[in-house]
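K.L.:
Here's my sequence, what's the structure:
(one chain, ligands or ions: 2)
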Amino acid sequence: MSAAPSTATAPVAAGVREVVAEGVAEATGVADTTGVFADRLRRLAAQAARSGADVVVISPGADLQYFAGHSVTSHERLTALVVPAVGTAQMVLPALERPGWAGSPLEALGVPFTTWTDGMDPYPVLVDLLPADVRVLAVDYHMPAVHALGISWAVPGSELTLAGEIIGELRMRKGPSEIAALAEVGAAIDRVQARIGEWLRHGRTEAEVAADIAAAIVQEGHARAEFVIVGSGSNGASPHHEASSKVIAAGDPVVIDIGGPHASGYYSDCTRTYLVAGPETDPDFEKVYEVVRLAQQAGIDAVRPGVPAESIDRAARAVIEEAGYGPFFITRTGHGIGLEVHEHPYMVSGNDLPLEEGMAFSIEPGIYLPGRFGVRIEDIVVVGPEGAVLMNRAAKTLTTLGG
Ligand code: ZN
Ligand code: ZN
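P.N.:
Ligands and ions are numbered 1, 2, ... in the order given. As a prediction, this is how the structure comes out:
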(Lines give C-alpha, C1' and ligand atoms only; values in the text may rest on other atoms or scores of the structure.)
(Ligands and ions follow the chains in the order given, each with its own letter.)
Protein backbone atom coordinates (compact mmCIF):
# COMPACT_ATOMS: atom_id res chain seq x y z
CA MET A 1 0.00 0.00 0.00
CA SER A 2 1.62 3.28 0.99
CA ALA A 3 4.91 1.72 2.07
CA ALA A 4 7.88 3.94 1.34
CA PRO A 5 9.91 2.91 -1.68
CA SER A 6 12.85 0.67 -0.86
CA THR A 7 16.41 1.77 -1.46
CA ALA A 8 17.24 -1.87 -2.18
CA THR A 9 18.12 -2.73 -5.73
CA ALA A 10 17.44 -6.47 -5.73
CA PRO A 11 15.53 -7.45 -8.86
CA VAL A 12 11.90 -8.40 -8.54
CA ALA A 13 11.53 -11.18 -11.07
CA ALA A 14 8.49 -10.88 -13.30
CA GLY A 15 7.80 -14.60 -13.00
CA VAL A 16 7.52 -14.39 -9.26
CA ARG A 17 5.17 -11.41 -9.49
CA GLU A 18 2.78 -13.58 -11.47
CA VAL A 19 3.09 -16.41 -8.98
CA VAL A 20 2.29 -13.99 -6.16
CA ALA A 21 -0.77 -12.73 -8.02
CA GLU A 22 -2.05 -16.29 -8.40
CA GLY A 23 -1.42 -16.84 -4.72
CA VAL A 24 -3.54 -13.83 -3.80
CA ALA A 25 -6.46 -15.31 -5.69
CA GLU A 26 -5.94 -18.60 -3.87
CA ALA A 27 -5.64 -17.03 -0.43
CA THR A 28 -8.84 -15.05 -0.87
CA GLY A 29 -10.79 -18.16 -1.79
CA VAL A 30 -11.15 -17.38 -5.48
CA ALA A 31 -9.33 -20.60 -6.28
CA ASP A 32 -9.86 -23.97 -4.65
CA THR A 33 -7.53 -24.38 -1.66
CA THR A 34 -8.22 -28.03 -0.93
CA GLY A 35 -5.77 -29.04 -3.66
CA VAL A 36 -2.99 -27.29 -1.74
CA PHE A 37 -3.69 -29.36 1.39
CA ALA A 38 -4.16 -32.61 -0.54
CA ASP A 39 -0.74 -32.01 -2.09
CA ARG A 40 0.88 -31.27 1.29
CA LEU A 41 -0.52 -34.49 2.80
CA ARG A 42 0.64 -36.49 -0.20
CA ARG A 43 4.13 -35.04 0.03
CA LEU A 44 4.27 -35.62 3.80
CA ALA A 45 3.40 -39.30 3.32
CA ALA A 46 6.04 -39.63 0.58
CA GLN A 47 8.65 -37.88 2.73
CA ALA A 48 7.78 -40.17 5.68
CA ALA A 49 8.23 -43.25 3.48
CA ARG A 50 11.61 -41.98 2.24
CA SER A 51 12.83 -41.35 5.78
CA GLY A 52 11.70 -44.75 7.12
CA ALA A 53 8.77 -43.55 9.26
CA ASP A 54 5.60 -45.65 9.09
CA VAL A 55 3.40 -42.83 10.31
CA VAL A 56 3.71 -39.13 11.13
CA VAL A 57 1.58 -37.82 14.00
CA ILE A 58 1.09 -34.05 14.18
CA SER A 59 -0.21 -32.13 17.19
CA PRO A 60 -1.73 -28.60 17.38
CA GLY A 61 0.48 -25.72 16.36
CA ALA A 62 2.08 -24.38 13.19
CA ASP A 63 2.62 -27.88 11.76
CA LEU A 64 -1.07 -28.77 12.11
CA GLN A 65 -2.02 -25.39 10.63
CA TYR A 66 0.23 -26.13 7.66
CA PHE A 67 -1.12 -29.59 6.90
CA ALA A 68 -4.75 -29.23 8.02
CA GLY A 69 -5.47 -25.53 7.39
CA HIS A 70 -6.72 -25.20 10.97
CA SER A 71 -5.40 -25.68 14.49
CA VAL A 72 -6.52 -25.39 18.12
CA THR A 73 -4.85 -24.18 21.29
CA SER A 74 -5.83 -27.05 23.59
CA HIS A 75 -2.87 -29.29 24.31
CA GLU A 76 -3.84 -31.49 27.26
CA ARG A 77 -6.55 -33.33 25.30
CA LEU A 78 -5.11 -35.42 22.47
CA THR A 79 -5.72 -33.81 19.08
CA ALA A 80 -3.67 -35.31 16.26
CA LEU A 81 -3.43 -35.58 12.51
CA VAL A 82 -2.27 -39.09 11.65
CA VAL A 83 -0.53 -39.43 8.28
CA PRO A 84 0.68 -42.96 7.43
CA ALA A 85 3.39 -43.43 4.83
CA VAL A 86 0.92 -45.73 3.08
CA GLY A 87 -2.80 -45.28 3.60
CA THR A 88 -5.29 -42.55 4.42
CA ALA A 89 -4.72 -39.52 6.65
CA GLN A 90 -7.03 -39.40 9.68
CA MET A 91 -7.85 -36.90 12.36
CA VAL A 92 -8.30 -37.81 16.05
CA LEU A 93 -9.78 -35.19 18.34
CA PRO A 94 -11.95 -34.61 21.40
CA ALA A 95 -15.65 -34.60 20.55
CA LEU A 96 -15.97 -31.11 21.99
CA GLU A 97 -13.50 -29.80 19.38
CA ARG A 98 -15.24 -31.36 16.38
CA PRO A 99 -17.56 -28.40 15.59
CA GLY A 100 -14.53 -26.10 15.28
CA TRP A 101 -13.33 -28.13 12.30
CA ALA A 102 -16.51 -27.61 10.27
CA GLY A 103 -15.61 -26.14 6.90
CA SER A 104 -11.87 -26.78 7.38
CA PRO A 105 -9.79 -27.85 4.38
CA LEU A 106 -9.32 -31.24 6.04
CA GLU A 107 -13.07 -31.77 6.17
CA ALA A 108 -13.43 -30.61 2.57
CA LEU A 109 -10.82 -33.20 1.59
CA GLY A 110 -12.90 -35.96 3.16
CA VAL A 111 -10.31 -36.87 5.79
CA PRO A 112 -12.11 -39.05 8.39
CA PHE A 113 -12.54 -37.51 11.87
CA THR A 114 -12.58 -39.84 14.88
CA THR A 115 -13.63 -38.33 18.19
CA TRP A 116 -13.14 -39.39 21.79
CA THR A 117 -14.79 -38.05 24.93
CA ASP A 118 -13.49 -37.07 28.36
CA GLY A 119 -13.04 -40.15 30.52
CA MET A 120 -11.80 -42.29 27.61
CA ASP A 121 -8.16 -43.25 27.05
CA PRO A 122 -7.52 -41.48 23.72
CA TYR A 123 -4.33 -43.35 22.75
CA PRO A 124 -5.96 -46.69 21.82
CA VAL A 125 -8.45 -44.65 19.77
CA LEU A 126 -5.55 -43.28 17.73
CA VAL A 127 -3.74 -46.61 17.54
CA ASP A 128 -6.86 -48.32 16.15
CA LEU A 129 -6.54 -46.08 13.09
CA LEU A 130 -2.96 -47.13 12.32
CA PRO A 131 -2.01 -49.80 9.81
CA ALA A 132 -1.44 -53.10 11.65
CA ASP A 133 2.30 -53.34 10.98
CA VAL A 134 3.25 -49.84 12.14
CA ARG A 135 6.56 -49.71 13.99
CA VAL A 136 8.30 -46.33 13.47
CA LEU A 137 6.20 -43.44 14.80
CA ALA A 138 7.42 -39.94 13.93
CA VAL A 139 5.99 -37.00 15.91
CA ASP A 140 6.35 -33.26 15.35
CA TYR A 141 8.89 -31.25 17.35
CA HIS A 142 6.25 -29.57 19.50
CA MET A 143 4.10 -32.52 20.56
CA PRO A 144 3.81 -32.61 24.36
CA ALA A 145 5.84 -35.53 25.76
CA VAL A 146 2.70 -36.87 27.47
CA HIS A 147 1.11 -37.48 24.07
CA ALA A 148 4.25 -38.68 22.28
CA LEU A 149 4.89 -41.27 24.98
CA GLY A 150 1.19 -42.11 25.33
CA ILE A 151 0.99 -43.01 21.63
CA SER A 152 4.27 -44.88 21.68
CA TRP A 153 3.33 -46.95 24.76
CA ALA A 154 0.04 -47.88 23.07
CA VAL A 155 1.99 -49.53 20.19
CA PRO A 156 4.08 -52.32 21.76
CA GLY A 157 7.54 -52.59 20.20
CA SER A 158 7.25 -49.24 18.42
CA GLU A 159 10.11 -46.84 17.87
CA LEU A 160 9.43 -43.15 18.59
CA THR A 161 11.25 -40.63 16.42
CA LEU A 162 11.02 -36.96 15.43
CA ALA A 163 9.30 -35.75 12.26
CA GLY A 164 10.73 -32.23 12.46
CA GLU A 165 13.17 -32.76 9.60
CA ILE A 166 10.52 -34.41 7.40
CA ILE A 167 8.12 -31.54 8.07
CA GLY A 168 10.79 -28.84 7.71
CA GLU A 169 11.68 -30.18 4.25
CA LEU A 170 8.15 -29.33 3.13
CA ARG A 171 7.45 -26.18 5.12
CA MET A 172 10.58 -24.29 4.08
CA ARG A 173 9.57 -24.31 0.41
CA LYS A 174 6.72 -21.84 0.18
CA GLY A 175 3.93 -22.14 -2.36
CA PRO A 176 2.16 -19.27 -4.12
CA SER A 177 -0.50 -18.73 -1.44
CA GLU A 178 2.17 -18.67 1.28
CA ILE A 179 4.30 -16.14 -0.62
CA ALA A 180 1.21 -13.98 -1.10
CA ALA A 181 0.53 -14.16 2.65
CA LEU A 182 4.14 -13.19 3.47
CA ALA A 183 3.91 -10.25 1.04
CA GLU A 184 0.65 -9.09 2.60
CA VAL A 185 1.91 -9.22 6.19
CA GLY A 186 5.24 -7.71 5.06
CA ALA A 187 3.39 -4.71 3.63
CA ALA A 188 1.48 -4.39 6.92
CA ILE A 189 4.66 -4.19 8.99
CA ASP A 190 6.16 -1.74 6.46
CA ARG A 191 3.23 0.58 7.14
CA VAL A 192 4.07 0.46 10.86
CA GLN A 193 7.76 1.22 10.21
CA ALA A 194 6.66 4.18 8.05
CA ARG A 195 4.74 5.55 11.09
CA ILE A 196 7.51 5.27 13.72
CA GLY A 197 7.95 9.06 13.67
CA GLU A 198 4.51 9.38 15.30
CA TRP A 199 5.81 7.82 18.51
CA LEU A 200 9.62 7.87 18.72
CA ARG A 201 11.06 10.91 20.45
CA HIS A 202 13.36 11.73 23.36
CA GLY A 203 11.79 11.92 26.81
CA ARG A 204 9.53 8.92 26.26
CA THR A 205 10.38 5.49 27.62
CA GLU A 206 11.08 2.53 25.35
CA ALA A 207 8.02 0.81 26.83
CA GLU A 208 5.73 3.74 25.98
CA VAL A 209 6.94 3.77 22.39
CA ALA A 210 6.61 -0.04 22.22
CA ALA A 211 2.99 0.10 23.44
CA ASP A 212 2.07 2.55 20.67
CA ILE A 213 3.85 0.42 18.07
CA ALA A 214 2.08 -2.74 19.31
CA ALA A 215 -1.31 -1.05 18.84
CA ALA A 216 -0.34 0.04 15.33
CA ILE A 217 0.82 -3.48 14.42
CA VAL A 218 -2.76 -4.63 15.03
CA GLN A 219 -4.31 -1.54 13.37
CA GLU A 220 -2.27 -2.15 10.23
CA GLY A 221 -3.52 -5.68 9.76
CA HIS A 222 -1.89 -8.20 12.11
CA ALA A 223 -3.77 -10.65 14.34
CA ARG A 224 -1.50 -9.55 17.19
CA ALA A 225 1.86 -7.93 17.97
CA GLU A 226 4.14 -10.85 18.79
CA PHE A 227 7.33 -8.90 19.52
CA VAL A 228 8.25 -5.23 19.78
CA ILE A 229 11.94 -4.51 20.37
CA VAL A 230 12.77 -0.87 21.09
CA GLY A 231 16.49 -0.77 21.91
CA SER A 232 17.67 2.78 22.47
CA GLY A 233 21.28 3.82 23.00
CA SER A 234 23.29 1.08 24.72
CA ASN A 235 20.19 -1.19 24.89
CA GLY A 236 20.42 -1.49 21.10
CA ALA A 237 23.69 -3.38 21.57
CA SER A 238 21.73 -6.35 22.99
CA PRO A 239 20.07 -8.03 19.96
CA HIS A 240 17.14 -9.47 21.92
CA HIS A 241 16.57 -6.56 24.32
CA GLU A 242 12.81 -5.94 24.28
CA ALA A 243 11.63 -2.62 25.68
CA SER A 244 12.39 -1.19 29.09
CA SER A 245 11.57 1.77 31.32
CA LYS A 246 14.69 3.52 29.98
CA VAL A 247 13.95 7.08 28.87
CA ILE A 248 15.02 7.62 25.27
CA ALA A 249 17.62 10.40 25.03
CA ALA A 250 18.19 13.00 22.33
CA GLY A 251 20.78 11.66 19.90
CA ASP A 252 20.10 7.99 20.70
CA PRO A 253 20.24 5.43 17.90
CA VAL A 254 17.18 3.16 18.32
CA VAL A 255 16.80 -0.40 16.99
CA ILE A 256 13.14 -1.20 16.26
CA ASP A 257 12.47 -4.88 15.44
CA ILE A 258 8.79 -5.69 15.16
CA GLY A 259 6.41 -8.33 13.86
CA GLY A 260 3.56 -10.71 14.38
CA PRO A 261 1.19 -13.02 12.56
CA HIS A 262 -1.43 -12.02 10.02
CA ALA A 263 -4.87 -13.64 10.27
CA SER A 264 -3.48 -16.16 7.75
CA GLY A 265 -0.97 -17.27 10.41
CA TYR A 266 2.03 -16.04 8.39
CA TYR A 267 4.52 -13.80 10.20
CA SER A 268 6.14 -10.44 9.58
CA ASP A 269 9.56 -9.54 11.01
CA CYS A 270 11.20 -6.23 10.10
CA THR A 271 13.95 -4.18 11.72
CA ARG A 272 14.96 -0.60 11.11
CA THR A 273 17.41 1.50 13.12
CA TYR A 274 16.52 5.17 13.58
CA LEU A 275 18.29 8.17 15.02
CA VAL A 276 16.49 10.38 17.55
CA ALA A 277 17.25 14.00 16.79
CA GLY A 278 19.69 15.63 19.21
CA PRO A 279 22.80 17.77 19.43
CA GLU A 280 25.14 14.84 20.08
CA THR A 281 25.32 11.28 18.77
CA ASP A 282 28.05 8.65 19.03
CA PRO A 283 30.63 9.80 16.45
CA ASP A 284 30.78 6.33 14.83
CA PHE A 285 27.03 5.86 14.44
CA GLU A 286 26.64 7.08 10.85
CA LYS A 287 29.62 5.05 9.66
CA VAL A 288 28.37 1.89 11.40
CA TYR A 289 24.87 2.41 10.01
CA GLU A 290 26.25 2.56 6.48
CA VAL A 291 28.33 -0.60 7.00
CA VAL A 292 25.23 -2.51 8.16
CA ARG A 293 23.15 -1.14 5.29
CA LEU A 294 25.77 -2.30 2.77
CA ALA A 295 26.13 -5.68 4.51
CA GLN A 296 22.39 -6.24 4.38
CA GLN A 297 22.34 -5.30 0.69
CA ALA A 298 25.24 -7.70 0.04
CA GLY A 299 23.21 -10.47 1.69
CA ILE A 300 20.19 -9.66 -0.49
CA ASP A 301 22.34 -9.52 -3.64
CA ALA A 302 23.86 -12.94 -2.86
CA VAL A 303 20.47 -14.72 -2.95
CA ARG A 304 19.80 -16.98 -5.91
CA PRO A 305 18.64 -20.55 -6.40
CA GLY A 306 21.39 -23.11 -5.89
CA VAL A 307 23.74 -21.16 -3.63
CA PRO A 308 24.25 -22.56 -0.12
CA ALA A 309 22.39 -20.86 2.74
CA GLU A 310 25.70 -20.10 4.46
CA SER A 311 26.82 -17.99 1.48
CA ILE A 312 24.21 -15.37 2.41
CA ASP A 313 25.76 -15.16 5.87
CA ARG A 314 29.23 -15.01 4.34
CA ALA A 315 28.31 -12.19 1.93
CA ALA A 316 26.86 -9.99 4.68
CA ARG A 317 29.60 -10.84 7.18
CA ALA A 318 32.41 -10.04 4.71
CA VAL A 319 31.26 -6.40 4.48
CA ILE A 320 31.21 -6.04 8.27
CA GLU A 321 34.57 -7.79 8.69
CA GLU A 322 36.22 -5.62 6.03
CA ALA A 323 35.05 -2.54 7.92
CA GLY A 324 36.69 -3.90 11.07
CA TYR A 325 33.50 -4.72 13.00
CA GLY A 326 33.53 -8.53 12.57
CA PRO A 327 33.67 -9.30 16.33
CA PHE A 328 30.57 -7.15 16.86
CA PHE A 329 28.32 -9.07 14.44
CA ILE A 330 27.35 -11.65 17.05
CA THR A 331 24.34 -13.35 15.41
CA ARG A 332 23.62 -15.48 12.34
CA THR A 333 22.45 -13.47 9.31
CA GLY A 334 18.93 -14.84 9.05
CA HIS A 335 16.21 -17.37 9.78
CA GLY A 336 13.40 -18.92 7.79
CA ILE A 337 9.91 -17.54 8.38
CA GLY A 338 6.36 -18.65 7.65
CA LEU A 339 3.78 -19.96 10.12
CA GLU A 340 6.51 -19.53 12.74
CA VAL A 341 8.74 -16.50 13.10
CA HIS A 342 11.86 -18.69 13.28
CA GLU A 343 11.96 -21.85 11.15
CA HIS A 344 14.18 -23.52 8.54
CA PRO A 345 16.28 -22.56 6.65
CA TYR A 346 18.87 -20.66 8.72
CA MET A 347 21.41 -18.36 7.07
CA VAL A 348 24.32 -19.44 9.22
CA SER A 349 27.88 -20.60 8.78
CA GLY A 350 27.93 -24.38 8.27
CA ASN A 351 24.51 -24.64 6.60
CA ASP A 352 25.28 -25.91 3.08
CA LEU A 353 21.59 -26.38 2.15
CA PRO A 354 21.18 -25.11 -1.43
CA LEU A 355 18.60 -22.33 -1.65
CA GLU A 356 15.56 -23.10 -3.78
CA GLU A 357 12.85 -20.93 -5.28
CA GLY A 358 10.13 -20.31 -2.72
CA MET A 359 12.35 -20.42 0.37
CA ALA A 360 11.59 -17.45 2.65
CA PHE A 361 13.94 -16.02 5.26
CA SER A 362 15.22 -12.89 6.95
CA ILE A 363 18.44 -11.06 6.12
CA GLU A 364 19.37 -9.15 9.27
CA PRO A 365 23.02 -8.38 9.85
CA GLY A 366 23.88 -6.08 12.75
CA ILE A 367 26.73 -4.45 14.61
CA TYR A 368 26.42 -4.40 18.40
CA LEU A 369 28.85 -2.16 20.29
CA PRO A 370 28.55 -2.91 24.03
CA GLY A 371 27.83 0.13 26.18
CA ARG A 372 27.32 2.32 23.10
CA PHE A 373 24.62 1.37 20.55
CA GLY A 374 23.50 -1.24 18.01
CA VAL A 375 22.44 -1.16 14.38
CA ARG A 376 20.37 -3.87 12.70
CA ILE A 377 18.49 -3.79 9.39
CA GLU A 378 16.17 -6.68 8.56
CA ASP A 379 13.99 -7.63 5.62
CA ILE A 380 12.21 -10.84 4.68
CA VAL A 381 13.05 -12.18 1.23
CA VAL A 382 11.76 -15.04 -0.91
CA VAL A 383 14.07 -16.79 -3.36
CA GLY A 384 12.88 -16.03 -6.90
CA PRO A 385 14.23 -17.45 -10.16
CA GLU A 386 16.80 -14.68 -10.51
CA GLY A 387 17.37 -13.56 -6.95
CA ALA A 388 15.78 -12.19 -3.82
CA VAL A 389 12.21 -10.90 -3.91
CA LEU A 390 11.71 -8.47 -1.03
CA MET A 391 8.68 -8.86 1.21
CA ASN A 392 9.58 -5.54 2.93
CA ARG A 393 9.88 -2.18 1.24
CA ALA A 394 10.32 0.20 4.20
CA ALA A 395 13.03 2.80 3.51
CA LYS A 396 16.57 1.97 4.61
CA THR A 397 18.22 5.37 4.26
CA LEU A 398 19.20 6.69 7.69
CA THR A 399 16.13 8.45 9.13
CA THR A 400 16.28 10.99 11.96
CA LEU A 401 13.04 11.29 13.94
CA GLY A 402 11.61 13.42 16.73
CA GLY A 403 13.28 16.65 15.72
ZN1 ZN B 1 13.37 -9.25 13.70
ZN1 ZN C 1 14.26 -11.91 12.40
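K.L.:
residues in contact with His342?
P.N.:
Residues near His342 by CB atoms under 8 Å, 6 or more residues apart in numbering: His335, Gly336. No exception for glycine: its C-beta is placed from N, CA and C like everyone else's.
K.L.:
Correction: the previous question concerned Thr281.
P.N.:
Residues near Thr281 by CB under 8 Å, 6+ apart: Gly251, Asp252, Pro253, Leu275.
K.L.:
So which of these is the closest to ligand 1?
P.N.:
Closest approach to ligand 1 among the contacts of Thr281 (CB to the ion): Pro253, at 16.5 Å.
K.L.:
Now do the nearest residue to that closest one once chain neighbours are set aside: how many residues are near it, please.
P.N.:
Nearest residue to Pro253 in three dimensions, chain neighbours excluded: Phe373, at 4.3 Å (CB to CB, 6 or more residues apart in numbering). When neighbours are counted by other CB atoms under 10 Å, Phe373 registers 28.
K.L.:
Report the beta-bridge partners for Phe373.
P.N.:
Leu369 (DSSP bridges).
K.L.:
Return the subset of the contacts of Thr281 lying in strands.
P.N.:
Mapping those onto strands (DSSP state E) picks out Pro253, Leu275.
K.L.:
Relative to ligand 2, which of the contacts of Thr281 is nearest.
P.N.:
Pro253 (18.7 Å).
K.L.:
what does this protein have sitting close to ligand 1?
P.N.:
Within reach of ligand 1 by CB under 5 Å from the ion, the chain has these residues: Asp257, Asp269, Thr271, Glu378.
K.L.:
which residues does the last one contact?
P.N.:
Spelled out, it's Glu378. The neighbours of Glu378, taking CB under 8 Å, 6+ apart as the test, are Asp257, Asp269, Cys270, Thr271, Arg272, Gln296, Ser362, Ile363, Glu364, Asn392.
K.L.:
again, but for the first one
P.N.:
With contact set as CB under 8 Å, 6+ apart, Asp257 has these partners: Phe227, Ile229, Gly231, Asp269, Cys270, Thr271, Arg376, Glu378.
K.L.:
Also the third one?
P.N.:
Taking CB under 8 Å, 6+ apart as the definition of contact, the neighbours of Thr271 are Ile229, Val255, Ile256, Asp257, Ile258, Glu364, Arg376, Ile377, Glu378.
K.L.:
Check the secondary structure at the second one for me.
P.N.:
Three states are possible here, and by DSSP: H, G, I helix; E, B strand; the rest coil the one that applies to Val255 is strand.
K.L.:
pLDDT weak spots in this structure?
P.N.:
Where the chain drops to pLDDT under 70, the residues are 1-32.
K.L.:
For it, which residues are neighbours of ligand 2?
P.N.:
Within the chain, the positions adjacent to ligand 2 are Asp269, Ser362 by CB under 5 Å from the ion.
K.L.:
Show me where the chain has its helices.
P.N.:
14-27, 34-51, 62-68, 105-108, 122-127, 145-153, 164-171, 176-194, 206-219, 285-301, 309-322 (DSSP state H).
K.L.:
I'd like to know which of those is closest to Ala80.
P.N.:
helix 122-127 (6.2 Å; CB to CB).
K.L.:
what packs against that closest one?
P.N.:
In terms of contact count using 3 or more CB pairs under 8 Å, 6 or more residues apart in numbering; DSSP states H and E, helix 122-127 is assigned the packing partners strand 90-94, strand 113-116, helix 145-153.
K.L.:
what about these, which gets the closest to Asp128?
P.N.:
Nearest of these (CB to CB): strand 113-116, 8.1 Å.
K.L.:
Can you tell me the strand partners of that closest one and which way each runs?
P.N.:
Strand 113-116 has these strand partners (DSSP bridges): strand 90-94 (parallel).
K.L.:
still on that earlier bit, could you export the residues of the chain next to ligand 1 as CSV, including distance to Pro124?
P.N.:
Listed next are the residues of the chain next to ligand 1 as CSV, based on distance: CB to CB, whole Å:
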residue, distance to Pro124
Asp257, 47
Asp269, 42
Thr271, 49
Glu378, 48
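K.L.:
Return the closest of those residues with respect to Ala263.
P.N.:
Relative to Ala263, the closest of these is Asp269; by CB to CB it sits at 16.8 Å.
K.L.:
Please list all residues in contact with the closest residue to the closest one other than its chain neighbours.
P.N.:
Once flanking residues are discounted, Asp269 sits nearest to Gly259: 3.9 Å by CB to CB, 6+ apart. Gly259 makes contacts with Ile189, Ile217, Glu226, Phe227, Tyr267, Ser268, Asp269, Cys270, Val341, as judged by CB under 8 Å, 6+ apart.
K.L.:
burial measure for the nearest residue in space to Glu321 that is not next to it in sequence, as a count.
P.N.:
Using CB to CB, 6+ apart and skipping the chain neighbours, the partner closest in space to Glu321 is Phe329 (7.8 Å). By the measure other CB under 10 Å, the count of residues near Phe329 is 23.
K.L.:
give me every residue that touches the residue of the chain most remote from its centre.
P.N.:
Distance from the C-alpha centroid of the chain peaks at Pro279, with 38.7 Å (CA atoms, centre = their mean). Counting by CB under 8 Å, 6+ apart, Pro279 makes contact with Ala250, Gly251.
K.L.:
Could you tell me how many residues sit around the residue in the stretch 51-200 of the chain that ligand 2 sits nearest to?
P.N.:
Residue of the stretch 51-200 of the chain nearest ligand 2, by CB to the ion: Ile189 (11.3 Å). Residues within reach of Ile189, counting by other CB under 10 Å, total 29.
K.L.:
Tell me how far it lies from Ser177.
P.N.:
Separation of Ile189 from Ser177 (CB to CB, to the nearest Å): 19 Å.
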